[in-house]
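Q: Structure, please.
(chains A and B)
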Amino acid sequence: MDDASAMVELDGVRRTFGSVVAVDALSLRVPPGSVTVLLGPNGAGKTTVVRLLTGALAAHGGHVRVFGLDPSGREGTTVRRRSGVVPARPALYDRLTGYDNLRYGAQLFEVPADRIDERIVDAAERFGIREALAARVGGYSTGMRARLALARAVLHDPDLLLLDEPTAGLDPESARAVLGLIDELAARGKAVLMCTHLLLEAEGLADEVVVLDRGRTLVAGSPEQLTHRFWPAARVLLDAEDPALLDRARDLSFVCAYDRNGTATVELTDPSRVADLVDALVGAGARLRRVEPQTPTLEQLYFAIRQRAGT
Amino acid sequence: MTSRALVIARTDLRQLRQSRDFWLPLAIIAGLFFVVLPGILLLLITHVSDVRLVKQLSDLVGSLPKQLRTRVKGASGPAQASYALAVYLFAPLAIIVPLTVSSAVGANTVIGERERGSGEFLAHSPASEREIYVGKLIASLVPGYLAAAVGFACYSLVVNLTVGPKVGGWFFPTRNWWILVVWVLPPFIALAMAVILAISAKVSSAAAAQQASALVTLPLILIAYAVASGTLFRAEIVAFVIGALAWVAATFALLRGSRAVQRERLLGMGG
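A: Numbers count the residues shown, from 1 in each chain, chains lettered A, B, ... in the order given. As a prediction, this is how the structure comes out:
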C-alpha cells in the first residue's frame, strides 16, 4: 500500500483511559477506494479508533494522520468536514424532525445553502425515510433512526466514512442499505472504515481486515492474505452417487484430512491438487455430483486467528 | 466560526421551542412575576381606602432616601406608594426572572447533549470547541434576554395602566430602568451563563447541573438584586460604572468558560 496516498494513517497509536489501555501500538493504513474492517469483540478498542480519527479523542502516543492532517490539532476542522461518522448510537435530536436533523448536519458540515434541500431529499430517498422527514425523530423506530444517522453522515459527500457497528439492531432491509452504501462509496474512491463484531456483515466487503483484541492488532491483512496465512489447507466438498467411493481420497498422499458425513470434506496440502483429487476418484469409479473448493468464511478465519493467538 | 456557532444556537433554540413542557412553566413564572403579581399589588394599593393602610403606605415612601422622595410622583399616599413600588422596589424582578430562565436552559445545554447521546455528533462535527461553546451560550442567553425584554414591556404596560392615571399619565420606564435593563442586566446574565455552562460541561447528569446551577445563581441573584437596587437608587453615573464592571467580569468569565467545552466531555468522558 502506498503510504503517501493513504487517507488514514495510524502509527503506533496509544490511548488510555486512566489505567485502562483502550488502544496500544496500533498501526493502520486506509487507502482511497477501500473498505477496512476493524473486527473484534466489545471492548477491543474499535470505537476509540473512530474517535481518534476525527480528533474527538487525542492520542496519548504515536501518530494519527487523516488526509495527511492531524485531526486533534488545528487541522481537525478540515479532517472532520471531510469525514462522515455513523456512531454506534445514532446521536440524533429527538425533539426535532428528521428534516431538521438532516439540515443541522448539512449546515454544520458546510453543504452549500442552495443545495441543502436537494441533498436532504436525495439522502432521505436513498435510505427510505423521505415520508418520515416531517415527523419528530422521537417517534422513529430503531431502523429509521439508523437510516437517518446514515443519511446525515453522507449528506456532505465525505471522503472518509467511519461506521461504528452500523448495522447493530437493524432490520435486514436497513442493514442491506448500509452495506450497499459502503460498496458504492468505495467504488467512488472514498475510504470506508467499519467497526463491527458481526462477521457476516464484513464478509465480501472488506479489502483489509484488522482484528483487534484489547486495543492491540492481533492480525491485519486482506481476506486473501489472512486465508493464506491462517487457512493454509485447501478444502474441497465432494459428493458422489456412491459416497463410499469417496473414502478412497483418504489414502491419497496430498490429502491431509478427510471427513464424510453425508458429503465429504477433503483438505489438501496444496490447492493446485484439486484436479489430481478428481482424477483419482474418477479413476476409482466414482461418479461425482459435486466438487466444490471452499474458501473459509470470515467467521471461520476470525476464530482460526483468535485460536492461533490463544485469545 | 460565527456561522457554525449560529447554526448550533438556532438548532438549540428550535429544540427549546419544541419543548413546551420545558418553556411553559418558565413562561408562567415570568407572567406571574412581571404581570400578575405587580398588577394585583399595584391595583390594590392605588385603590386602597383603609385609613391605616394609607398611612402605612405613606410611611413606606417616607422611608426612601431623601433624594428619591423628591422624585416620587403622585398626590396621595397610595399613589406615591404605588409609584415607589413600581419604580424602585420591583427592580429585582428584572433580574430574577431572566436569570432563572437562562440558567434553566443553560444548565441543561451541554450535559443534555451528553445524556441524549447527541454530543457524539457534535464531537465529530467540524465545529470547534469554541464554536460549540458560543452556540450554546447564545442559545442560553437568548431566552433570558427575551424574557427580560418581553417581561419589561409587559411590566411597563401594567405599571402605566395601573399607576399612570394616579400620577399624571404614563411615566414608566424611567431612565434608570432603561440603564438597568439595557446596560446592567445583560452582563449579569452573561456572567451567570459563563459559570453555568462550565458546570453543565463538567457534571455527570442534568440533575446535578440543575442543582449546581441553583447554588451558583442564588448568590448571583443576591448580588444582582443589590446592584439593581443600587442602579435605581443612585445616580446614573454609578449605574454606568456598575454595568461596566459587570461587563468586564462577564467577558473574563466567558473567555475562561469557553475552555470547559471539550470534545471528550461531549462524548461523556473526562470530568
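Q: all strands for chain A, in order.
A: A:8-17, A:20-30, A:35-39, A:61-66, A:83-86, A:160-164, A:191-196, A:208-213, A:216-221, A:234-240, A:255-261, A:263-268, A:288-294 (DSSP state E).
Q: List just the one of those strands that sits closest to chain B.
A: Comparing these against chain B with C-beta to the nearest C-beta, the closest turns out to be strand A:83-86 (4.2 Å). Any C-beta I mention is one placed from the backbone N, CA and C, and that applies to glycine too.
Q: partners of that closest one, with directions?
A: Looking at strand A:83-86 with DSSP bridges, its partner strands are strand A:160-164 (parallel).
Q: mean confidence score for the partner strand?
A: Regarding strand A:160-164, the rounded mean pLDDT is 95.
Q: Export it to CSV, keeping only CA atoms.
A: Extracted in CSV, the C-alpha atoms of strand A:160-164 (Å, rounded to 0.1, in the frame of the first residue of the first chain):
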residue,chain,number,x,y,z
LEU,A,160,-13.8,9.1,4.6
LEU,A,161,-16.8,7.3,6.1
LEU,A,162,-16.4,5.9,9.6
LEU,A,163,-19.0,3.4,10.6
ASP,A,164,-19.2,2.1,14.2
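Q: Would you map out the domains in chain A?
A: A:3-228, A:232-294 (automatic domain parsing).
Q: returning to what we had before: quick one, which of the strands of chain A gets closest to B:Ala260.
A: Closest approach to B:Ala260 among the strands of chain A is made by strand A:8-17 (19.9 Å; C-beta to C-beta).
Q: hang on, the earlier thing: I'd like the strands of chain A laid out as CSV, including mean neighbour count and distance to A:Glu173.
A: Shown next, in CSV, are these (neighbours: other C-beta atoms under 10 Å in any protein chain shown; distance: least, C-beta to C-beta, whole Å):
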stretch, mean neighbour count, distance to A:Glu173
strand A:8-17, 19, 30
strand A:20-30, 19, 28
strand A:35-39, 26, 21
strand A:61-66, 19, 32
strand A:83-86, 26, 17
strand A:160-164, 24, 17
strand A:191-196, 25, 18
strand A:208-213, 22, 26
strand A:216-221, 18, 32
strand A:234-240, 19, 32
strand A:255-261, 14, 36
strand A:263-268, 20, 33
strand A:288-294, 13, 30
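Q: Which of those sits closest to A:Arg147?
A: strand A:83-86 (10.3 Å).
Q: residues touching the residue nearest to the spatial centre of chain A, list them.
A: In chain A, the residue lying closest to the centroid (C-alpha atoms, centre = their mean) is A:Val37, at 3.2 Å. Residues in contact with A:Val37 (C-beta atoms under 8 Å, 6 or more residues apart in numbering or on different chains) are A:193-196, A:202, A:205-206, A:208-210.
Q: Over to A:Ser141?
A: Contacts of A:Ser141 by C-beta under 8 Å, 6+ apart: none found.
Q: hmm, back to that, so what pLDDT did the residue nearest to the centre of chain A get?
A: 92.
Q: Tell me what it is bridged to.
A: A:Met194, A:Val209.
Q: hang on, the earlier thing: can you say which of the strands of chain A is nearest to A:Leu246?
A: strand A:263-268 (4.4 Å).
Q: And the closest one, what does it pack against?
A: strand A:234-240, strand A:255-261, helix A:274-283 (3 or more C-beta pairs under 8 Å, 6 or more residues apart in numbering or on different chains; DSSP states H and E).
Q: The ones you listed into a markdown table, with extra columns for mean pLDDT?
A: Converted to a markdown table, those look like this (pLDDT from 0 to 100):
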| stretch | mean pLDDT |
| --- | --- |
| strand A:234-240 | 89 |
| strand A:255-261 | 90 |
| helix A:274-283 | 93 |
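Q: got CSV for those, with distance to A:Leu10 too?
A: Formatted as CSV, the helices and strands packed on strand A:263-268 follow (distance: least, C-beta to C-beta, whole Å):
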stretch, distance to A:Leu10
strand A:234-240, 34
strand A:255-261, 38
helix A:274-283, 40
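Q: Dump the ones you listed into CSV; add distance to chain B as well.
A: Shown next, in CSV, are the helices and strands packed on strand A:263-268 (distance: least, C-beta to the nearest C-beta, whole Å):
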stretch, distance to chain B
strand A:234-240, 42
strand A:255-261, 48
helix A:274-283, 48
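Q: about what we covered before: turn the strands of chain A into JSON lines, columns for distance to B:Gly119.
A: Listed next are those as JSON lines, based on distance: least, C-beta to C-beta, whole Å:
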{"stretch": "strand A:8-17", "distance to B:Gly119": "17"}
{"stretch": "strand A:20-30", "distance to B:Gly119": "18"}
{"stretch": "strand A:35-39", "distance to B:Gly119": "23"}
{"stretch": "strand A:61-66", "distance to B:Gly119": "21"}
{"stretch": "strand A:83-86", "distance to B:Gly119": "13"}
{"stretch": "strand A:160-164", "distance to B:Gly119": "15"}
{"stretch": "strand A:191-196", "distance to B:Gly119": "19"}
{"stretch": "strand A:208-213", "distance to B:Gly119": "25"}
{"stretch": "strand A:216-221", "distance to B:Gly119": "28"}
{"stretch": "strand A:234-240", "distance to B:Gly119": "48"}
{"stretch": "strand A:255-261", "distance to B:Gly119": "53"}
{"stretch": "strand A:263-268", "distance to B:Gly119": "51"}
{"stretch": "strand A:288-294", "distance to B:Gly119": "46"}
